[in-house]
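generate coordinates for the sequence data below:
(4 chains)
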Number of protein chains: 2
Amino acid sequence: MAHSGEALNTVSPAGVMLWRKIADDIEHAIVRGDFATGEKLPSEQDIADRFGVNRHTVRRALAELTERGLVRAERGSGTYVEPARISYPIRARTRFSEIINASGRMAGGRLLASSKEPAPRDIALRLDLPPNAMTIRLEILRSANRVPISLGTTWLPADLAPDAAKIYRAARSVSRLLAHIGFRDYKRRDTRVSAAMADAIHAAKLQLTPGRPLIVVDSVDIASDGRPILTSHARFAADRVELVIEN
Amino acid sequence: MAHSGEALNTVSPAGVMLWRKIADDIEHAIVRGDFATGEKLPSEQDIADRFGVNRHTVRRALAELTERGLVRAERGSGTYVEPARISYPIRARTRFSEIINASGRMAGGRLLASSKEPAPRDIALRLDLPPNAMTIRLEILRSANRVPISLGTTWLPADLAPDAAKIYRAARSVSRLLAHIGFRDYKRRDTRVSAAMADAIHAAKLQLTPGRPLIVVDSVDIASDGRPILTSHARFAADRVELVIEN
DNA sequence: ACTTATTTGTTCGTATGTATG
DNA sequence: ACATACATACGAACAAATAAG
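Numbering: from 1, shown residues only, chains lettered A, B, ... in the order given. Below is the predicted model of the structure:
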C-alpha cells in the first residue's frame, strides 16, 4: 500500500462501455506501477465511489481483469494484483534455464524422481524406439525465483545416458545434461499444447490450488542428425506462465 | 458394442509396472480400433479379471489414459472412448477454416455479436493504434462438424472495414473477410497461449461442462507490410483440440 | 414410483519390494 | 544390520451415480 489516493481517480469521457473504461483505467494504474504486485486494490465500493458509478459496474470491470489474470479477488478480503506471467517462448532452441534467466529470474530444477524403465507406447513412438526399449525417466519440478513453474516428465533413450539422473543432479539442467553426453545443438522438433485442471497431487507440487488451469506441453527434441533424443510431458501453471510462439 | 471378447486379452510378460502394461494394452486396443469412439470399455472388474489383476491396478491404468484424454469415466455408467483431439497447427499462415477442412472436417463459424467500439488498452497496443481508436469487434463461435471448437473475439481497425460484420456474415470466414478487403497474404506475427477454466457462460456456448479446461490463445496478424490488421482472443475447448507448433 | 443390479469412486487394511539414512 | 519411508499391488467393503425392470 505504498501509495493510494488519486491512482484511480480519472474522469470518464466517452459514452461506450463504462465498465471497459474503468477496466482500462485500473489496468493502466497497475502497469504504471501505482499498485505493486500482491498489493490490495481499493474496495469495490471505494472504486465505485471514485468513478461515480455503481459497484456492479466496477465488478464487471474487475471480472475482465480477473479473466485476463491481472488481478485476483478473494472473498471477504479484497482484490489483489497478480504477478505478471512469465513469457515462455517456444522456439527451435527452447531451454528452460536460458528462458528464465533471460527474463531476469533465477531458474531452478529439482529432480523429484527418476527411473530406468521400458518406454510406454506413446513415448517409444515419439523417440522412434522399438516398443519396450529402455528409457531413462526424469521427473523434474522447475521454478523461477523459487516459484514453481512446471512439473514435467522427461524421457531419453537409456543407451544415450544410463546415468542421466546422476548427471542431471550435478548439472542441474537438462540442456547441460545433454551437453555433457555430447549433444550441444539439439533442437525442438515439435510442441503440442493442451490444457488441464490441476488435481490435488499436481497442485501440491506446483503450490497451486487444485482446479487451477495448467498448460500441458508435449515436446520432442532432436539431435543435429534429426534423431529424437529427448521427449517431455510437462504441466505449466497457467497462472504464472504464458507460451509465446513467434513467426 | 460392435465387437467384444478377446480385445483386451493379452498376457503380461515383463516384471515392471503392471498398470503401465495394462494401460499400453488398452491404448493399443483403442488405436487398433477394437473400441470405437464413444464406445464403452468393459467394466473395471471385467478388465481386472481378464488380466488377472486387482481392480485398483486397472484403475491406475485407466487414470493414465484419462489424463491423456483417451478415455473418460462416468460414475455409475462406464468408461468411454473419447474422440481424438483435433491437431491445430500454429504457423505463419494460420486459418481456422483451412485447418479444419484439411483435417477432413467441416468448418463452421457463427457470428454471435459484433460492434464498433473504441479499442481497449491492450487491443490498441496490439494493433498499434492510438488509444481509443475505433475498432470492429466480432465475436465468433467456431466449430468442426457442428461441434464447438473455439469462442473468440476478433478486433480489426474500423477504418479497414467499417462493415466487417456484414462481410463476415456473407463470407463466413475471417480469411475470406480479409481477402475481400484486400488482404490476401496476411500472416501471424505472434501467438500467446495460456489456459483457463470454462465459466458457466463460456461452457454453455462451447457446449462444455463448466470447469473444463480451455486453451486461451491471443494472436496478432499482420499484413505483408508488417502492419497489424487483426488481433484475436480465443478460447479453445482443450478436450477437443491440441495446438501443434512445428519447428 | 420403487427396487435392484451394475459400475465407478473412495477408504480402509495388508503385504511386498526398494530406496534412503 | 536396522529402521524408516515410499510406491506397487492385492483385498474388502461401502458410497454414489446410473441403468434396467
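
in stretch A:146-158, which residues are buried?
Judged by neighbour count (16 or more other Cβ atoms under 10 Å in any protein chain shown), stretch A:146-158 contains these buried residues: A:148, A:149, A:150, A:151, A:152, A:153, A:154, A:155, A:156, A:157, A:158. C-beta here means a position set from N, CA and C on the backbone, and glycine is covered the same way.

those in strands, which ones?
If you go by DSSP state E, those have A:148, A:149, A:150, A:151, A:152, A:153, A:154, A:155, A:156, A:157 in strands.

any idea how far the residue nearest to the first one when sequence neighbours are not counted lies from DNA strand D?
Closest residue to residue A:148 apart from its sequence neighbours, by Cβ to Cβ, 6 or more residues apart in numbering or on different chains: residue A:206 at 4.5 Å. Here the distance between residue A:206 and DNA strand D works out to 16 Å (Cβ to the nearest atom of the strand, to the nearest Å).

helix, strand, or coil at residue A:36?
Secondary structure assignment for residue A:36 (DSSP: H, G, I helix; E, B strand; the rest coil): coil.

check residue A:214 too.
Applying three-state DSSP: residue A:214 is strand.

can I see the domain layout of chain A?
Chain A is divided into the following domains under automatic domain parsing: A:5-81, A:86-245.

point out where chain A drops to low pLDDT.
Within chain A, the stretches with pLDDT under 70 are A:1-16.

what sits against the closest residue to residue A:143 other than its chain neighbours?
In this structure, residue A:143 finds its nearest non-sequential neighbour in residue A:108, 4.1 Å apart by Cβ to Cβ, 6+ apart. Going by Cβ atoms under 8 Å, 6 or more residues apart in numbering or on different chains, residue A:108 touches A:142, A:143, A:144, A:146.

buried subset of those residues?
A:142, A:143, A:144.

export these to CSV and tack on secondary structure?
Formatted as CSV, these follow (three-state DSSP):
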residue, secondary structure
A:142, strand
A:143, strand
A:144, strand
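
circling back: so the residue nearest to residue A:148 touches residue A:237, yeah?
Yes: Residue A:206 lies in contact with residue A:237 (Cβ atoms under 8 Å); the separation is 5.1 Å.

shared neighbours of these two, anything?
Shared contacts of residue A:206 and residue A:237 (Cβ under 8 Å, 6+ apart): A:148, A:150, A:198, A:214.

so which of the residues you listed also contact DNA strand C?
By Cβ under 7 Å from any atom of the strand, no member of these lies near DNA strand C.

pick the one among those residues closest to DNA strand C.
Distance to DNA strand C, by Cβ to the nearest atom of the strand, is smallest for residue A:198 among those, at 15.1 Å.

and which of the contacts of residue A:108 is nearest residue B:55?
Distance to residue B:55 across the contacts of residue A:108 (Cβ to Cβ) is lowest for residue A:142, with 35.2 Å.

so that closest one bridges to which residues?
residue A:109, residue A:150 (DSSP bridges).

tell me the contacts of it?
Contacts of residue A:142 were listed using Cβ under 8 Å, 6+ apart, and they are A:96, A:100, A:107, A:108, A:109, A:110, A:148, A:149, A:150, A:151, A:152.

recalculate using a threshold of 10 Å.
With contacts defined as Cβ atoms under 10 Å, 6 or more residues apart in numbering or on different chains, residue A:142 is in contact with A:96-97, A:100, A:107-110, A:148-152, A:173-174, A:206, A:234, A:236.

sticking with residue A:221, tell me its helix or strand.
Taking DSSP states H and E as the definition, residue A:221 sits inside strand A:213-222.

quick check, that strand touching chain B?
Yes: for strand A:213-222, a contact with chain B is found by Cβ under 10 Å from any Cβ of the partner chain, at A:213, A:214, A:215, A:216, A:217, A:218, A:219, A:220, A:221, A:222.

how many neighbours does residue A:181 have?
Residues near residue A:181, counting by other Cβ atoms under 10 Å in any protein chain shown, number 14.

gap between it and residue A:167?
Residue A:181 sits 7 Å away from residue A:167, going by Cβ to Cβ, to the nearest Å.

wait, a helix at residue A:204?
Yes: looking at residue A:204 with three-state DSSP, it is inside a helix.
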